[in-house]
Each structure stands twice: as structure tokens, then as C-alpha cells.
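J.: Return atomic coordinates for the entry below.
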Amino acid sequence: MGQARGGHGWQLILADLALILFLLTLSALPAAEAETGLRHAARTGREDNDPGEPRPEIAPAQALFRPVPGGPELGAWLAAQSPDPRTTLTIFATHAPGGEAEAWARTEALAAEARAAGARVRTIITVGKEPDLYASLAYDAQVADAGEAAGGA
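T.: Reported below is the predicted structural model:
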């Protein structure tokens, strides 16, 4: 009967060579960056953000609202949620190209209703394939508090 090998086979040699190739490639990146003058997106993003500047962050939704025919109004929906001063209502709107004015009007109407119900509101409007409007209630008050400290609302 033969003895079992202790892990010194071609797999170990191949793993060592792969590690060496990875380290060589990684060490060559700064030199390639210096030669071309191009920078990596991840590094550029980190350098452009001021560490003292609060970055917008959207927390996972605790509840979602979508205006539908026959459904509750936003004010009634907010009243049914557990009131918490740490929550922020983020209204998301998408619009097809050329539909900016309609998206803004729908978003502003929903935001006014939310403010009347006492909610802290943030709106995000962007281009999409088709118009859409919904609201997310989430615990992202840390970012909102930092904005209030800086003079924002």
C-alpha cells in the first residue's frame, strides 16, 4: 500500500504560481497609472469626497408607499405608521426624457402632503424608462441630523 501525500502536489505549485502572478499584477498597477496618467475610479471617488462632508445615504425601507387609485392618501398612510422622529420619508420619482416638469409637480404634491403630516421629506428625481413615483420611510436620520447641523433642513 502506498503512503498518502502530504499536500505537495501540482495543486500547491499552481496555487503558488497564481499568487505570485496576482502580486506581480497588483504591484504593476501604480506604475501603469503613472505612465498613462489615468486614475482608478475607486481611488478617485475616495479622494473627491471630503471626509467632513455628510454623504447622502438611503437606509433600507421600513415601509413603502405607492399612490394607487382607491388606495390611502399619503397623510393617512403616514398616520398609520409608527411615529418616530428618526425616520425620513424619501420620495423617488422617475420620468421619461422630457417629463421633468410633470415628475417635479407630482413629487412636490406628494412632498407637501408628507410635510403637512409632519414627516421629514427628501426627494430624488431621475430619468428612467417610464414614469414612476413611490415613497420610502426609513431610519436614515443620522445623515439628516448632520445636514441640520450644517444649516440645512
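J.: Surely D132 touches T94?
T.: Yes - using Cβ atoms under 8 Å, D132 is in contact with T94, at 4.6 Å. Any C-beta I mention is one placed from the backbone N, CA and C, and that applies to glycine too.
J.: how long is stretch 111-122 end to end?
T.: Using Cα to Cα, to the nearest Å, the end-to-end distance of stretch 111-122 comes to 8 Å.
J.: How about stretch 77-97?
T.: 30 Å.
J.: Of all the residues in the helix or strand harbouring A101, which ones are buried?
T.: For A101, the host element (DSSP states H and E) is helix 100-116. Across helix 100-116, burial judged by 16 or more other Cβ atoms under 10 Å covers 103, 106-107, 110-111, 113-114.
J.: Likewise for stretch 10-22?
T.: By neighbour count with 16+ other Cβ under 10 Å, stretch 10-22 contains no buried residues.
J.: outside of it, which residues touch it?
T.: Here stretch 10-22 makes contact (Cβ atoms under 8 Å, 6 or more residues apart in numbering) with no residue beyond itself.
J.: starting at the chain centroid, how far to it?
T.: Distance of stretch 10-22 from its chain centroid, counting by Cα atoms, centre = their mean, to the nearest Å, is 38 Å.
J.: And for stretch 87-104?
T.: For stretch 87-104, the distance to the chain centre is 17 Å (Cα atoms, centre = their mean).
J.: quick one: low-confidence parts of the protein?
T.: 1-8, 32-35, 37-56, 141-153 (pLDDT under 70).
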